[in-house]
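A.B. asks: Sequence and predicted structure are below.
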Amino acid sequence: MTTPVEPVWRPAPHEFADSSLPTAVRVYEVGPRDGLQAESTVVPTAVKAEFCRRLVAAGVRSLEVTSFVSPKWIPQLADADALLAELDLPGSVRQVVLTPNQRGLERALTAGAREVAVFVSATETFARKNLNTTVSGALDNARPVVEGARAAGIGTRGYISMCFGDPWEGWVDPRRVADITAELTGMGCSSISLGDTIGVATPGHIRAVLDAVQAAGVPIGSIAGHFHDTYGQALANVYAALTAGVTEFDTAAGGLGRCPYAKGATGNLATEDLVWMLHGLGIHTGIDLGALTDTSRWMAGHTGHPSPSRVATALIAART
Ligand code: HMG
Ligand code: MG
């Protein structure tokens with residue numbers, strides 16, 4: 001008599017494409033930078049380099065690897081120069097580093113950066129807390145960085161934090177976000193990432209800000225969504241942005257990270273959670289969910305805490 005074979009459930013999203021949505025999305029992985037900048041343990045450089053390699057092996061093609069900020073402000077990423085020296089990612093990978101000022105740009109160029117990112121705030125309080133300046137001071141600091149990067153032959157991404165709500169100032173006027181987006185675009189930033197730094201936005205709010213940004217003349221193709229998952233709204237917000245035509249989203253493998261200067265913020269949307277939803281919608285990402293989950297699990301062994309990603313947790317549980 002033969003023993004009945006138990007069916008093996010290998011979870012993968014069941015695909016139902018929606019022809020009204022984009023067919024492909026660029027997943028912009030921020031785990032090594034946004035993910036590690038607030039960890040209480042400082043991860044060794046060799047582990048960061050291996051994290052980047054594993055992410056690329058899992059299919060990541062846009063990767064923010066570190067920050068050339070003041071080591072007094074972010075000691076966790078003080079090894080940015082050493083990390084770039086150790087990294088040997090293929091030229092096809094978009095490899096980006098954060099640069100807050102000209103000093104950061106000089107360090108980044110010396111280290112061989114391929115693309116930089118400037119970051120400003122939509123609110124005065126966060127501009128002070130995160131960059132020790134004002135909103136217009138941050139824009140003034142960004143301008144020479146964008147110009148210097150262009151002169152060196154590399155591109156610049158622009159970030160705006162606190163685009164929706166701010167823990168000190170409350171709700172943010174979408175027109176303010178639109179004006180700053182237009183200013184960064186005018187400077188020459190090729191893409192602008194709109195940050196819900198404390199994760200308070202809801203889908204209608206996302207659409208309102210995207211409408212304001214487009215009304216200010218910024219094309220939707222140059223906008224990226226950077227949604228923290230503090231209130232569990234990040235995936236719904238991605239969906240709202242997809243319906244408006246956004247095709248680039250910032251996420252961190254395993255849901256790592258937050259900004260240490262943003263009161264009340266928790267992790268980024270997990271890359272696994274984003275990819276599960278996108279693949280279910282038939283949207284191409286190029287990412288291998290199994291390999292990505294293995295990478296998050298491996299990284300959790302170094303940070304000392306499990307991934308908050310629902311998808312990563314479920315996929316690991318399903319294997320055992
Ligand atoms: P400051 O203290 O006003 O500047 O900081 P300073 O010019 O007085 O410099 C202080 C010290 O840092 C000096 O050293 C400088 O030389 C040095 P000292 O003379 O005291 O020995 N310094 C640097 N060293 C290395 N590299 C540099 C650099 N610049 C100055 N580039 C500053 C101003 C902008 C430097 C500081 O506020 C800073 O580094 N802030 C960065 C904070 C940060 O990285 N936050 C997290 C990233 S943003 C984020 O996570 C949000 C995002 O994910 C989107 C979202 O979620 O919304 C992007
Ligand atoms: Mg962030």
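C.D. replies: Perfect, thanks for sending it. Ligands and ions are numbered 1, 2, ... in the order given.

A.B. asks: tell me the mean pLDDT over stretch 95-104?
C.D. replies: For stretch 95-104, mean pLDDT rounds to 98.

A.B. asks: For that stretch, output the C-alpha coordinates as PDB.
C.D. replies: This file holds the C-alpha atoms of stretch 95-104, laid out as PDB (Å, rounded to 0.1, in the frame of the first residue of the first chain):
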ATOM      1  CA  GLN A  95      24.100  52.100  -6.500                       C
ATOM      2  CA  VAL A  96      23.200  55.300  -4.500                       C
ATOM      3  CA  VAL A  97      24.600  57.000  -1.400                       C
ATOM      4  CA  LEU A  98      23.100  59.800   0.700                       C
ATOM      5  CA  THR A  99      25.100  63.100   0.700                       C
ATOM      6  CA  PRO A 100      23.800  66.000   3.000                       C
ATOM      7  CA  ASN A 101      26.400  68.600   2.000                       C
ATOM      8  CA  GLN A 102      29.400  69.300  -0.100                       C
ATOM      9  CA  ARG A 103      31.700  67.600   2.400                       C
ATOM     10  CA  GLY A 104      29.600  64.400   1.900                       C
END
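
A.B. asks: roughly how far is it from the heart of the chain?
C.D. replies: Relative to its chain's centre, stretch 95-104 lies at 15 Å (Cα atoms, centre = their mean, to the nearest Å).

A.B. asks: all strands in the stretch 201-320 of the chain, in order from the N-terminus.
C.D. replies: Along the stretch 201-320 of the chain, the segments classed as strands by DSSP state E, counting those that start in this stretch run 223-227, 248-251.

A.B. asks: close to ligand 1, is the longest one?
C.D. replies: By that I understand strand 223-227. Yes: Strand 223-227 reaches ligand 1 (Cβ under 6 Å from any ligand atom) through residue 226. C-betas here are computed from N, CA, C, even on glycine.

A.B. asks: What is that strand packed up against?
C.D. replies: strand 191-196, helix 203-215, helix 234-243, strand 248-251 (3 or more Cβ pairs under 8 Å, 6 or more residues apart in numbering; DSSP states H and E).

A.B. asks: mind redoing it with 7 Å?
C.D. replies: strand 191-196, helix 234-243, strand 248-251 (3 or more Cβ pairs under 7 Å, 6 or more residues apart in numbering; DSSP states H and E).

A.B. asks: The last one packs against which elements?
C.D. replies: Under the contact criterion of 3+ Cβ pairs under 7 Å, 6+ apart, the helices and strands touching strand 248-251 comprise strand 26-29, strand 223-227, helix 271-280.

A.B. asks: what's the spacing between the longest helix seen in the chain and its chain's center?
C.D. replies: If you go by DSSP state H, the chain has its longest helix at helix 135-151. Per Cα atoms, centre = their mean, the displacement of helix 135-151 from the mean C-alpha position of its chain is 21 Å.

A.B. asks: Flag every residue of the stretch 51-200 of the chain that's near ligand 1.
C.D. replies: Residues of the stretch 51-200 of the chain lying near ligand 1 (Cβ under 6 Å from any ligand atom): 67-74, 100-101, 103-104, 107, 119, 130-132, 159, 161, 195, 197.

A.B. asks: List the ones among the residues you listed that fall in strands.
C.D. replies: Among those, DSSP state E puts 67, 119, 159, 161, 195 in strands.

A.B. asks: tell me which parts of the stretch 201-320 of the chain are close to ligand 1?
C.D. replies: Checking the stretch 201-320 of the chain against ligand 1 by Cβ under 6 Å from any ligand atom, the hits are 226, 259, 261.

A.B. asks: Could you pull up the residues touching the first one?
C.D. replies: Taking Cβ atoms under 7 Å, 6 or more residues apart in numbering as the criterion, residue 226 is in contact with 193, 194, 195, 196, 250.

A.B. asks: so which of those residues comes closest to ligand 1?
C.D. replies: Of all the contacts of residue 226, residue 195 has the smallest distance to ligand 1: 2.5 Å, by Cβ to the nearest ligand atom.

A.B. asks: Check the closest one and give its pLDDT.
C.D. replies: Residue 195 carries a pLDDT value of 98.

A.B. asks: Report the central residue of this structure.
C.D. replies: Closest to where the C-alpha atoms of the chain average out (Cα atoms, centre = their mean) is residue 250, at 3.0 Å.

A.B. asks: pretty sure it contacts residue 193?
C.D. replies: Yes: at 5.8 Å, residue 250 counts as touching residue 193 under the criterion of Cβ atoms under 7 Å.

A.B. asks: who touches both of those two?
C.D. replies: Both residue 250 and residue 193 are contacted by 224, 226, under the criterion Cβ under 7 Å, 6+ apart.
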